[in-house]
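Chemist: Fold the following, please.
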Amino acid sequence: DVEGKMGQHISKYFSNKNELLQALDILENISKDEEPGTVEAKLKFENRDAVYVEMRYSPIIIDGKVDSLHIIVHDISDRAKAQEALKESEAKYKFLVENTKDVIAQISPMGKLLYVSPNTYEFGGYKPEEEMGNHISNYFASKWELAKALKILRDVVFYKNSGVHEFYYKHKTGKKIPVEVSYSPIIVNGRVKSIHLVIRDVSFRYEAQLKLKESEYKLKEAQSIAKMGHWEYVLNARLIYLSDEAFRIFEKVNNDKPWSVEDYIDYILPADRKRVRRAFINSIKNKEEYHFVHRIQLSGERIRYVS
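Modeler: Predicted coordinates:
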């Protein structure tokens, strides 16, 4: 009802007090020399939700004075909602960046640093503002690893693929830090504009792997000294995996290939095979410890007792 709204004050349509005050300030201070302007606001109407609008205004001059304002109102709800969603997304991203221990970075297709999160100083001793524009080659402890990373960079730019890579990151003090880098290209108009990186310290993983290797080495040494090996049976695959010393006991070379149960049985003396099979099956069926002494046949008809 347009006619019914004639003479109403604009304050009736503003849902935000600050936006109303801004509009009133424009009305009170506009002059005949005022250039056309634009203001955005959230207006309320009867029987519908509030609407984000862009109002373009220009003064109408009569006898050298501002008589009224000509206003064109354009619905920008979709744009405003998109902007709000973007702001919310940026706020969440900023929170994650500022509160994660991982370093967030962005590099150009040429490998130059475009952005790095503030925690890079705590992580690697580098001040973010001093690193902008530097090439990624500054952060590699190994030339070989750098060459590999540059190849990955070329592939990302060409194939637009994402992935994960590990290397030793060079701390500003020269210390080497094992890191895992997740990378993904940012594509604009079909071309890679930049590459987004998430850099994570994986020292704990490397330390665990080193301890595991040390433990395996000590176990091998102990078994070799004690002339004692071990084997492991994988139920689903029905395969037996022997240790190095177990291979030596059978006088076989460890070729990293598992044995089938029949491969193992073939080395057992025929007189012992039935009892070994029974003990093996009962161990699996009853979930009991497998412990059995039997004989194996070696080359030259030699016999060895094993437990």
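Chemist: Now residue 191. Its backbone dihedrals?
Modeler: Here the main-chain torsion angles of residue 191 (degrees, to the nearest 10) amount to phi -120, psi 150.
Chemist: got a list of what it touches?
Modeler: By C-beta atoms under 8 Å, 6 or more residues apart in numbering, residue 191 lies in contact with nothing. (C-beta placed from N, C-alpha, C; glycine too.)
Chemist: Could you give the number of residues near residue 210?
Modeler: Neighbourhood size, residue 210 [other C-beta atoms under 10 Å]: 10.
Chemist: and the gap between it and residue 203?
Modeler: Going from residue 210 to residue 203 by C-beta to C-beta, to the nearest Å gives 10 Å.
Chemist: again with residue 242
Modeler: 33 Å.
Chemist: Mind checking which of the two has more residues around it?
Modeler: The neighbour count for residue 242 versus residue 203, taken as other C-beta under 10 Å, is higher for residue 242 (22 against 11).
Chemist: Near the closest residue to that one other than its chain neighbours, how many other residues are there?
Modeler: Nearest non-adjacent residue to residue 242, counting by C-beta to C-beta, 6 or more residues apart in numbering: residue 231, 4.5 Å away. Neighbour count for residue 231, taken as other C-beta under 10 Å: 15.
Chemist: wait, isn't residue 231 in contact with residue 241?
Modeler: Yes - proximity of residue 231 to residue 241 meets the contact threshold set by C-beta atoms under 8 Å, at 6.4 Å.
Chemist: check contacts around residue 294.
Modeler: Shown in contact with residue 294 (C-beta under 8 Å, 6+ apart): 268-269, 272, 275-276, 305-306.
Chemist: Mind putting these into CSV with neighbour count?
Modeler: Output for the contacts of residue 294, formatted as CSV (neighbours: other C-beta atoms under 10 Å):
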residue, neighbour count
268, 18
269, 12
272, 16
275, 13
276, 19
305, 8
306, 15
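Chemist: Strands - which of those land there?
Modeler: 305-306 (DSSP state E).
Chemist: May I ask you to confirm that residue 290 belongs to a strand?
Modeler: No - according to DSSP: H, G, I helix; E, B strand; the rest coil, the state of residue 290 is coil, so it is not within a strand.
Chemist: Which residue, neighbours along the chain excluded, lies closest to it?
Modeler: residue 283 (3.9 Å).
Chemist: Over to residue 192?
Modeler: Of all residues not flanking residue 192 in the chain, residue 185 sits nearest, at 4.4 Å (C-beta to C-beta, 6+ apart).
Chemist: buried set for the helix or strand hosting that neighbour?
Modeler: For residue 185, the host element (DSSP states H and E) is strand 176-188. Neighbour-count burial for strand 176-188, counted by 16 or more other C-beta atoms under 10 Å, picks out 177-181, 183, 185.
Chemist: Residue 233 - how many residues pack around it?
Modeler: The tally of other residues near residue 233 (other C-beta under 10 Å) stands at 17.
Chemist: List the neighbouring strands of the strand or helix carrying it plus their orientation.
Modeler: Using DSSP H and E, residue 233 sits in strand 231-234. Strand 231-234 has the following sheet partners, assigned by DSSP bridges: strand 239-242 (antiparallel).
Chemist: so after the strand it pairs with, what's the next helix or strand?
Modeler: For strand 239-242, the following helix or strand on the C-terminal side (DSSP H and E) is helix 244-249.
Chemist: Quick check: buried residues in that next one?
Modeler: Buried residues in helix 244-249, counting neighbours by 16+ other C-beta under 10 Å, are found at 245-249.
Chemist: could those residues go into a markdown table alongside pLDDT and distance to residue 15?
Modeler: Below are these laid out as a markdown table (pLDDT from 0 to 100; distance: C-beta to C-beta, whole Å):
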| residue | pLDDT | distance to residue 15 |
| --- | --- | --- |
| 245 | 81 | 81 |
| 246 | 83 | 79 |
| 247 | 83 | 81 |
| 248 | 83 | 84 |
| 249 | 83 | 85 |
